[in-house]
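> 3D model of this:
(chains A and B)
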Amino acid sequence: MLESDPFCDFSKHEDPSIALPSSYIPLPDGPHTRELASARRMPPKRATFKVFSGVLMLALFFAIIIGGRNSDVHANGNALLATSTSSMASKPLRPVSRGLSAGVSEKANHVFSGIEVVSFPWNNTMLSWQRTAYHFQPEKNWMNDPNGPMYYKGWYHFFYQYNPNGPVWGDIVWGHAASKDLIHWLHLPLAMVADQWYDLNGVWTGSATLLPDGRVIMLYTGSTNESVQVQNLAYPANLSDPLLVNWEKYSGNPVLRPPPGVDLKDFRDPTTAWYTSDGKWNIAIGSKVNKTGITLIYHTEDFKSYELLDGVLHAVPGTGMWECVDFYPVSKISGKGLDTSANGPEVKHVLKTSLDNDKNDYYAIGTYDEKAGRWVPDNPKIGIELRYDYGIFYASKSFYDLHKGRRVLWGWIKESDSEIADVKKGWASVQSIPRTVLLDTKTGTNLLQWPVEEVDSLRLTSREFERVEVKAGSVVPLDIDAATQLDIFAEFELDREALEMTAQTNVEFSCSTSGGAAERGALGPFGLLVLADDSLSEQTPVYFFIVKGTDGNLKTFFCADQTRSSEATDVNKQIYGSSVPVLKDEKLSVRILVDHSIVEIFAQGGRTCITSRVYPTKAIYGAARLFLFNNATGASVTSSLKIWQMNSAFIRPFQPGQDA
Amino acid sequence: MKLLLLIFLVQAVLQTIYLPASQGTVQPMDARLIEQTCKQTPLYNLCVSILKSDSRSSKADVTGLALIMVDVLKAKATGTRNYIKRLLRGNLKRDVRHGLSSCAEVYNSVLEADVPVAIEALQKGNPKFAEQAANDAAIEASSCERSFSGHSPLTKSNKSMQDVSSVAAAIVRLLL
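Presented below is the predicted three-dimensional model:
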């Protein structure tokens, strides 16, 4: 760690008092005028000399300042090659693993050491299989954050960060789609493009607020022509168009500029607004100060002028930039969602952030006193530590669905294959199936996420399996037809005797540092093998692993193992997962949505969720299979399952006349 | 009068000290940023020598240093891609040709995807995409190296790409 943090010093150099964001630092002009004024009072000859020397000094002064700025860039190719060879000899080479950027902490790096990555010869058959059938994705190119989700005049709207020019991030604009049921999406024209100076370098993430008078407010981050992050206001051009095809940007944009103390590039992703007791609105925006991630609150009446509230809603040192902050109420008593403005004694508030330096979404549950402007987490020892999802799930955003009275969550699921494959296949990223979010009233300390009920409408034929016994160390094939578009609900029961007789262990278990499904324990692993082929050369185990601690109590872990998911080596091979609370008398249960290259997994009713991207080379199309497995050393397991074949959602461009 | 002359002389002396700095020599303050930044990368010496030999580094913040490193990455990838093209024109054994074609694709991807994404992400203030891109470049260089069943004619270039990419990724990480 650095003693004197250069980044602290840097942010002080940004002059916050400059109204217009600018990279040009104005030169001082004081001495110049003073010199000339004093010169006039002296005799002419002396005066001339003094003026001349004064001007000369100033000219030299300017030369230093300006000359320093215009230095040329010359690449020094040969010299660099020479030095690099010598430095290579001194330090052993460790290729940077994909793991770091995909959210694995330093500790889990050892999973990658020794794996030799080779570019796999992906062909069109394999690549085209990867496209999902019922998850939202544009027809091609790159997508990232979900934006402005809302329900309006009978349609669900979804906007998203989109690159119209290629399958990698860049040239970001707002894509748009609409649906009657959060599942069958119809692509609409781009909602907003980078056509103003205040969003020329990016029309970035934002959120919608539906006002009581029927107006729709969209606040979003623009990266200006000078790459300063500002907040802008936009609204539908025509409120009577239920498809909200055209959008207008407020002529007075930007409505918010980075405040003092915060870097010009650390100010983005405004939230949905919530109503305050003084009849106005609050919004939250994430940022950071040095390495402390923070949430700022702004107060507004008209969404055009804002007042920054004192202090921060929350701050956690060492977490870096807070992106895509989300702040919303959940009910302690009912199984229904709450409007973003709800509050009261039976309401808790969730604060969520996406951590830039870690690529994961974290949340904490607490109590919000809106009048005092304070949110206090239930567990003050935790900064912001619970994860929505232990796989790939980032930049998530929730909204209140007033049509069905629920809070719905979207999450960006990026690729975990190689970039070359993304370029070959011409697209990258999907969205999670929208999930309802509720407080887990049984534990009180975590949220529950569950696919929206409308996904059930995709179910076609089903097959039920009652009490299938899976002996220790065995694999049981499940006879279903296809296995690439499935909705699986499975329950598991471990042999009672084995549970009681198993010795205690003080060995710490963690999905990501374990040996995956191949590591045998007394009480696990057991679960399902999805996207497996007949020979099991490719398989994605989704499983429970139970450990009996030194206090005699059972601790249950839930993992998804990608290490053998594909014969290709240029795809992510991590093991995702975490512990999952299992209450007394609860059976172990899991729901799995399999949709080609995405597998979304929900354990214990959504207490622990894992989203994984899987890229098999053989277990595709008709060759994909589903198995039950039990790799425990002694205990046998009994499982009951129901498995549905899932229809496609036929996500396609909107056709006037056909679709409305 | 004498006072003014004295001031003038002092100015002149000071300028002879500071003018060279604006033409490429690194001042003590800037050197500290480079050193502190490079200490947080896996290859300190490489990082420092690359940055110090680029005159932009004296006025750069951490984002600027990252951009310089990405520029070097781009230059190296361009050089390697050109080298591969030259090699492919020659008479080659099948497995070598196969490996080189694979590598040509890899280096194309670095130049067409990774580098532009890294530059745009750094300039526009969304550095995590630059980190991903730099990591991708390192992985791709290593996969190129392994696409040769026998001897690789690109070992030096691939290693160099991996080195610079890992340094670039580490610098970008400081911005997150």
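
> if I look at A:Leu355, how far off is chain B?
A:Leu355 is 8 Å from chain B, where distance means C-beta to the nearest C-beta, to the nearest Å. Placement of C-beta: from N, CA and C, glycine included.

> shaky segments in chain B?
For chain B, residues meeting the criterion pLDDT under 70 lie at B:1, B:7-8, B:10-30.

> At the geometric centre of it, which residue sits there?
The centroid of chain B falls nearest to B:Met69 when counting by C-alpha atoms, centre = their mean (2.4 Å).

> One more: chain A?
In chain A, the residue lying closest to the centroid (C-alpha atoms, centre = their mean) is A:Tyr394, at 1.2 Å.

> Neighbours of A:Ser331, how many?
The number of residues packed near A:Ser331 is 18, by other C-beta atoms under 10 Å in any protein chain shown.

> now do the one 3 residues further on
A:Ser334 is surrounded by 13 other residues when neighbours are defined as other C-beta under 10 Å.

> Spatially, what comes nearest to A:Arg257 if we skip its sequence neighbours?
The shortest distance from A:Arg257 to any non-neighbouring residue, by C-beta to C-beta, 6 or more residues apart in numbering or on different chains, is to A:Val230 (5.3 Å).

> how close does the residue nearest to the centre of chain B get to B:Val48?
Going from B:Met69 to B:Val48 by C-beta to C-beta, to the nearest Å gives 11 Å.

> try A:Ser223
31 Å.

> Comparing the two, which shows the higher neighbour count?
A:Ser223 (26 against 21).

> can you tell me which residues contact the more buried one?
A:Ser223 makes contacts with A:199-202, A:204, A:229, B:124-126, as judged by C-beta atoms under 8 Å, 6 or more residues apart in numbering or on different chains.

> ok, now with 10 Å
Residues in contact with A:Ser223, defined by C-beta atoms under 10 Å, 6 or more residues apart in numbering or on different chains, are A:172, A:194, A:198-204, A:229-230, A:264-265, A:268, B:120, B:123-126.

> Sitting in strands, which of those do you find?
Using DSSP state E, the members of these that fall in strands are A:203-204, A:229-230.

> picking up where we left off before, overlap of the contact sets of B:Met69 and B:Val48?
Joint contacts of B:Met69 and B:Val48 (C-beta under 10 Å, 6+ apart) are B:37-38, B:41, B:57, B:167.

> Go back to those residues and keep what's next to chain A.
Among these, the residues lying close to chain A (C-beta under 10 Å from any C-beta of the partner chain) are B:37, B:57, B:167.

> what are the phi and psi values for the closest residue to the second one other than its chain neighbours?
Of all residues beyond its chain neighbours, the one nearest B:Ser57 is B:Leu51 (4.4 Å), with distances taken as C-beta to C-beta, 6+ apart. As for B:Leu51, its main-chain torsions (degrees, to the nearest 10) stand at phi -70, psi -40.

> unless I'm mixing things up, B:Leu51 is touching B:Gln36, no?
No. Using C-beta atoms under 10 Å, B:Leu51 is not in contact with B:Gln36; the gap is 11.5 Å.

> Name the secondary structure element that contains A:Asn225.
Under DSSP states H and E, no helix or strand contains A:Asn225.

> Give me the number of neighbouring residues for it.
Count around A:Asn225 with other C-beta under 10 Å applied: 14.

> With A:Ile283 instead?
A:Ile283: 24 surrounding residues under other C-beta under 10 Å.

> Likewise for A:Tyr250?
If you count neighbours by other C-beta under 10 Å, A:Tyr250 ends up with 16.

> In contact with it: list those residues for me.
Applying C-beta under 10 Å, 6+ apart, the residues near A:Tyr250 are A:217-219, A:232-235, A:303-304.

> now do 6 Å
Applying C-beta atoms under 6 Å, 6 or more residues apart in numbering or on different chains, we find A:Tyr250 in contact with A:Leu233.

> now B:Ser152
Here B:Ser152 is in contact with B:Glu145 (C-beta under 6 Å, 6+ apart).

> Please name the nearest non-neighbouring residue to A:Ser207.
A:Thr272 is the one closest to A:Ser207 (C-beta to C-beta, 6+ apart), at 4.5 Å.

> Does the one you found belong to a helix, a strand or coil?
Of the three states, A:Thr272 takes coil according to DSSP: H, G, I helix; E, B strand; the rest coil.

> need the longest helix for chain B.
Longest helix of chain B, by residue count under DSSP state H: helix B:62-88.

> tell me which residues in that helix are buried?
B:62-77, B:79-81, B:83-84, B:87 (16 or more other C-beta atoms under 10 Å in any protein chain shown).

> now do stretch A:352-370
A:352-366, A:368, A:370.

> Where do the strands of the stretch 551-660 of chain A begin and end?
Ranges of strands in the stretch 551-660 of chain A, per DSSP state E, counting those that start in this stretch, are A:554-561, A:575-579, A:588-595, A:598-603, A:608-613, A:625-630, A:637-646, A:652-653.

> Contact partners for A:Val173?
Neighbour list for A:Val173: A:162, A:190, A:193, A:203 [criterion: C-beta under 6 Å, 6+ apart].

> Relative to A:Val582, which of those residues is nearest.
A:Tyr162 (40.4 Å; C-beta to C-beta).

> For the closest one, pull up the helix or strand it's in.
strand A:155-163.

> Quick check: which helices or strands does that strand pack against?
When contacts are defined as 3 or more C-beta pairs under 6 Å, 6 or more residues apart in numbering or on different chains; DSSP states H and E, strand A:155-163 packs onto strand A:141-152, strand A:173-179.

> so of these, which one's packed in deepest?
Ranked by mean neighbour count, those are led by strand A:141-152 with a mean of 24 (mean count of other C-beta atoms under 10 Å in any protein chain shown).

> what are the pairing partners of that strand, and which direction each?
Here strand A:141-152 has these sheet partners by DSSP bridges: strand A:155-163 (antiparallel), strand A:427-428 (parallel).

> Show the average pLDDT along the last one.
Per-region confidence: strand A:427-428 scores 98 on mean pLDDT.

> again with the longest one
Strand A:155-163 carries an average pLDDT of 98.

> cool, and stretch A:545-558?
For stretch A:545-558, mean pLDDT is 91.

> Select the helix or strand of chain A having the lowest average pLDDT value.
helix A:77-90 (a mean of 33; mean pLDDT, DSSP states H and E).

> So what's the residue count around the residue nearest to B:Ser57?
27.

> and it, what does it touch?
Residues in contact with B:Leu51 (C-beta under 6 Å, 6+ apart) are B:34, B:57, B:65.

> For A:Val347, state which of those is nearest.
B:Leu65 (46.9 Å).

> wait, what's in contact with the closest one?
Per C-beta under 6 Å, 6+ apart, neighbours of B:Leu65: B:37, B:51, B:171.

> and the first one, helix, strand or coil?
Translated: B:Thr37. helix.

> Okay then, goodbye and thanks.
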